[in-house]
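Participant: Fold the following.
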Amino acid sequence: MASPVRTLGPVRILGIDPGLNITGYGVLEVSRNTVKVCEAGVVRGRTKQSMAARLAEIHAGVTDVIESLKPEAMALEQLYAHYKHPRTAILMGHARGVICLAAAQVAVPVISYSATQIKKVLTGNGRAPKIQMQQAIRRELQLAEVPEPPDVADALAIALCHYYLKTRRELLEK
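Facilitator: This is a model prediction of the structure:
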């Protein structure tokens, strides 16, 4: 018996730039020949709130994005910490944890990329400055302006990196 033929519709990739105060997100919609921004924005934690309250806000915000835009995958920047600032890594780990939880609760796979890998894929330079990355995003996604705030541009860069490294290859193979 032949298996049914599955028609390929658009694929959505959610890119997340995690932060405790501002978490940037960007959703790309990909079809065989096009990539476009479906939606991009930020989830804000209230800085006056406790850590637990901010994490709950991040989780709720990311959950809302996932529920409304239904991505097939979430691309997330890997945690990086400078040895002089280990506390920052610990705090960012909390944000990444609730973001990964939001994806896991609805079985959205999470793929992590290092900052240098994202920069190299988009600019050819693993140490590209922020402005070069923002211009690459503007150009690649054919946007009139650089996405603001920078957290949004970073989230779109993460999603675009995932598209180039994984989704594009899968679409071409089908």
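Participant: tell me the average confidence for stretch 117-130?
Facilitator: Stretch 117-130 carries an average pLDDT of 94.
Participant: which of the residues in that stretch are buried?
Facilitator: Neighbour-count burial for stretch 117-130, with 16 or more other C-beta atoms under 10 Å as criterion, is recorded at Gln117, Ile118, Lys119, Lys120, Val121, Leu122, Thr123, Ala128. The way it works is simple: take the backbone N, C-alpha and C, and place the C-beta from them, glycine included.
Participant: Same check on stretch 21-37?
Facilitator: Ile22, Thr23, Gly24, Tyr25, Gly26, Val27, Leu28, Glu29, Val30, Val35, Val37.
Participant: Span of it from start to end?
Facilitator: 23 Å (C-alpha to C-alpha, to the nearest Å).
Participant: how near is Ala60 to Ala53?
Facilitator: For Ala60, the distance to Ala53 equals 11 Å [C-beta to C-beta, to the nearest Å].
Participant: re the thing from before, mind giving me JSON lines with the buried residues of stretch 117-130 and columns for secondary structure and distance to Gly93?
Facilitator: Listed next are the buried residues of stretch 117-130 as JSON lines, based on DSSP: H, G, I helix; E, B strand; the rest coil; distance: C-beta to C-beta, whole Å:
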{"residue": "Gln117", "secondary structure": "helix", "distance to Gly93": "19"}
{"residue": "Ile118", "secondary structure": "helix", "distance to Gly93": "19"}
{"residue": "Lys119", "secondary structure": "helix", "distance to Gly93": "22"}
{"residue": "Lys120", "secondary structure": "helix", "distance to Gly93": "24"}
{"residue": "Val121", "secondary structure": "helix", "distance to Gly93": "24"}
{"residue": "Leu122", "secondary structure": "helix", "distance to Gly93": "25"}
{"residue": "Thr123", "secondary structure": "helix", "distance to Gly93": "27"}
{"residue": "Ala128", "secondary structure": "coil", "distance to Gly93": "25"}
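Participant: So which of those is the closest to Pro18?
Facilitator: Set against Pro18, the nearest of those by C-beta to C-beta is Ile118 (13.4 Å).
Participant: ranges for the helices of this structure?
Facilitator: 51-69, 86-104, 115-123, 130-140, 150-162, 168-173 (DSSP state H).
Participant: can you count the residues close to Glu148?
Facilitator: 11 (other C-beta atoms under 10 Å).
Participant: make that Glu39, sorry
Facilitator: Around Glu39 there are 14 residues (other C-beta under 10 Å).
Participant: And Arg138, by the same measure?
Facilitator: Arg138: 16 neighbours (other C-beta under 10 Å).
Participant: and it, what is it in contact with?
Facilitator: Contact partners of Arg138, counting by C-beta atoms under 8 Å, 6 or more residues apart in numbering, are Glu145, Val146, Pro147.
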